[in-house]
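Visitor: Task: produce atomic coordinates for the following.
(chains A and B)
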There are 2 protein chains.
Amino acid sequence: MHSSIRIKTIAVLGGTGREGRGLALRWARAGYHVILGGRDLARAETAAASLREKLDSIARISGALNLAAAEQADVIVLAVPFAAQLDTALHVRSALKGKILIDVTVPLVPPKVEVAQLPGGSAVERLQAVLGSDVAVVSAFQNVSAHHLADLDHAIDCDVLICADDERAAQTAVELAEAAGLQGWRCGPLKNSLVTEGLTSLLIAINRRYKVPSAGIRITGVPTGAH
Amino acid sequence: MHSSIRIKTIAVLGGTGREGRGLALRWARAGYHVILGGRDLARAETAAASLREKLDSIARISGALNLAAAEQADVIVLAVPFAAQLDTALHVRSALKGKILIDVTVPLVPPKVEVAQLPGGSAVERLQAVLGSDVAVVSAFQNVSAHHLADLDHAIDCDVLICADDERAAQTAVELAEAAGLQGWRCGPLKNSLVTEGLTSLLIAINRRYKVPSAGIRITGVPTGAH
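Guide: Predicted coordinates for the structure are as follows:
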């Protein structure tokens, strides 16, 4: 195994949203210090307080404005709606230098969210291009439903597909998948994120046709020992 | 359930290749008449004979030139290498009118087959546009390894993702997935095939990193009854 970084503090930008809250909850349970970032301090603090209630008193979750959250963290997770992806990343850019940014954004285009719409390639490649090479961007967690993340009593029957050009960033995402109780898979370069981003639309199509709340995916054919 | 067509004869174009042979083997075992289509009659007949040896004497598999195979079939399966996709489809076009074409083609671009390269959208959408609206094209089976298909003694731990704009074509692919011993999932319109085509590159990336022959995928979160 390659080494990842020593993660202490994770900032989840868009941490007041459902996906962000779900990831934050699981990482705090695993012992990380998690800062929910938001555009409104009071809302971020309220969201953090509601997550603390779900965990034991030792869990560390706080709320902050997005920029302050990113400044305090080793790893920054971008879990905002697609429309806010670039703006939020640029807003906190000064705090990202030399750090790892995990992009969870899914480029859904309402109202046809069940149709994959990626004419210009993956959203995360565009993000990496805008941020430049001193931020290591990794794509992960797009296919894990917020619904499942929020339910701490059940194991999640869904894997995490990880695409990255940077080795350390990829391994960090593997570590954080495991910390959330999920199996992370290294799926090649950032360019392959086109597939993992689009896969969310296919899962939405499956949800609608088969009338289920949150279909997921599993990778098969790899023995546990190979991991 | 929506009704599919009454399938009797399936032509597998590119039936001398590994993926085509594997699908043909499973469909013949399920009782369909399967015609392996090829560019060389002798090779197609030899491939058919070798598959017949794997099955009991009642199985019907024959070999033919691609055009003759397509003419005799209710459903045509395109399992040629990506570089031959459009040429083969255009060659048999006269035999496709009013029929269903299942496209199994994966747009891998050597040597970087582990990188999804779909700059202009999905390969199957281009195919549908070239063939016109009197052929119902459906995308399926891209992620199922030939390795697994050829091994009749083992259940395949991989699902079939199906993308189609035509309802009857989609249901036909579901039926043929089941006949091959696989679970087929309706994943939305043909446009979503961008994801299922690209997913093959991610599975190749996983094969390489984790040193396994053929990783696959499963859809989770849908109870059997919902299907």
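Visitor: okay, and for chain A, where does confidence drop off?
Guide: Scanning chain A for pLDDT under 70 picks out A:1-4, A:119, A:225-227.
Visitor: show me where chain A has strands.
Guide: Per DSSP state E, chain A carries strands over the ranges A:9-13, A:33-38, A:61-65, A:75-78, A:100-103, A:136-139, A:160-164, A:184-186, A:216-220.
Visitor: In contact with residue A:48, which residues?
Guide: A:15, A:35-36, A:61-63 (C-beta atoms under 8 Å, 6 or more residues apart in numbering or on different chains). Glycine gets a C-beta too; all of them are placed from N, C-alpha and C.
Visitor: Quick one, which of the strands of chain A gets closest to chain B.
Guide: strand A:216-220 (4.2 Å; C-beta to the nearest C-beta).
Visitor: quick revisit: let me have the strands of chain A in CSV, extended by mean neighbour count and distance to residue B:145.
Guide: Formatted as CSV, the strands of chain A follow (neighbours: other C-beta atoms under 10 Å in any protein chain shown; distance: least, C-beta to C-beta, whole Å):
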stretch, mean neighbour count, distance to residue B:145
strand A:9-13, 28, 37
strand A:33-38, 27, 40
strand A:61-65, 22, 43
strand A:75-78, 28, 34
strand A:100-103, 27, 30
strand A:136-139, 28, 25
strand A:160-164, 28, 18
strand A:184-186, 24, 16
strand A:216-220, 21, 10
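Visitor: can you tell me how far residue A:113 sits from residue B:187?
Guide: Note on residue A:113: its distance to residue B:187, by C-beta to C-beta, to the nearest Å, is 14 Å.
Visitor: And residue A:66, by the same measure?
Guide: From residue A:66 to residue B:187 the distance is 35 Å (C-beta to C-beta).
Visitor: Now do the contacts for the nearest residue to residue A:80 once chain neighbours are set aside.
Guide: Nearest-residue entry for residue A:80: residue A:14, 3.4 Å, with adjacent residues in sequence omitted and distances by C-beta to C-beta, 6 or more residues apart in numbering or on different chains. By C-beta under 8 Å, 6+ apart, the residues touching residue A:14 are A:20, A:37-38, A:78-81, A:84, A:88.
Visitor: Kindly present the contacts of residue A:48 as a markdown table, with separate columns for distance to chain B.
Guide: Formatted as a markdown table, the contacts of residue A:48 follow (distance: C-beta to the nearest C-beta, whole Å):
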| residue | distance to chain B |
| --- | --- |
| A:15 | 25 |
| A:35 | 30 |
| A:36 | 27 |
| A:61 | 27 |
| A:62 | 32 |
| A:63 | 31 |
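Visitor: Pull the most distant pair out of the residues you listed.
Guide: Of all pairs drawn from the contacts of residue A:48, the greatest distance, 10.0 Å, lies between A:15 and A:62 (C-beta to C-beta).
Visitor: Which neighbours do those two have in common?
Guide: Common neighbours of residue A:15 and residue A:62 (C-beta under 8 Å, 6+ apart) are A:34-36, A:48.
Visitor: Please look at residue A:92 and residue A:35 and confirm they touch.
Guide: No. Judged on C-beta atoms under 8 Å, residue A:92 makes no contact with residue A:35 at a distance of 11.9 Å.
Visitor: Break down chain A into its helices, ranges please.
Guide: Secondary structure of chain A (DSSP state H): helices at A:18-29, A:41-54, A:66-72, A:85-91, A:123-131, A:146-150, A:167-179, A:193-210.
Visitor: Extract the CA atoms of the longest one and return them as PDB.
Guide: Taking only C-alpha atoms (Å, rounded to 0.1, in the frame of the first residue of the first chain), the coordinates of helix A:193-210 have been written out as PDB:
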ATOM      1  CA  SER A 193     -14.300  10.700 -13.500                       C
ATOM      2  CA  LEU A 194     -16.500  11.300 -16.600                       C
ATOM      3  CA  VAL A 195     -17.800   7.800 -15.900                       C
ATOM      4  CA  THR A 196     -18.200   8.100 -12.100                       C
ATOM      5  CA  GLU A 197     -19.900  11.500 -12.400                       C
ATOM      6  CA  GLY A 198     -22.300  10.200 -15.100                       C
ATOM      7  CA  LEU A 199     -23.000   7.000 -13.200                       C
ATOM      8  CA  THR A 200     -25.100   9.000 -10.700                       C
ATOM      9  CA  SER A 201     -27.600   9.800 -13.500                       C
ATOM     10  CA  LEU A 202     -27.800   6.000 -14.300                       C
ATOM     11  CA  LEU A 203     -28.500   5.300 -10.600                       C
ATOM     12  CA  ILE A 204     -31.200   7.900 -10.600                       C
ATOM     13  CA  ALA A 205     -32.700   6.300 -13.700                       C
ATOM     14  CA  ILE A 206     -32.700   3.000 -11.900                       C
ATOM     15  CA  ASN A 207     -34.300   4.500  -8.800                       C
ATOM     16  CA  ARG A 208     -37.100   5.900 -10.900                       C
ATOM     17  CA  ARG A 209     -37.800   2.800 -13.000                       C
ATOM     18  CA  TYR A 210     -37.600   0.300 -10.200                       C
END
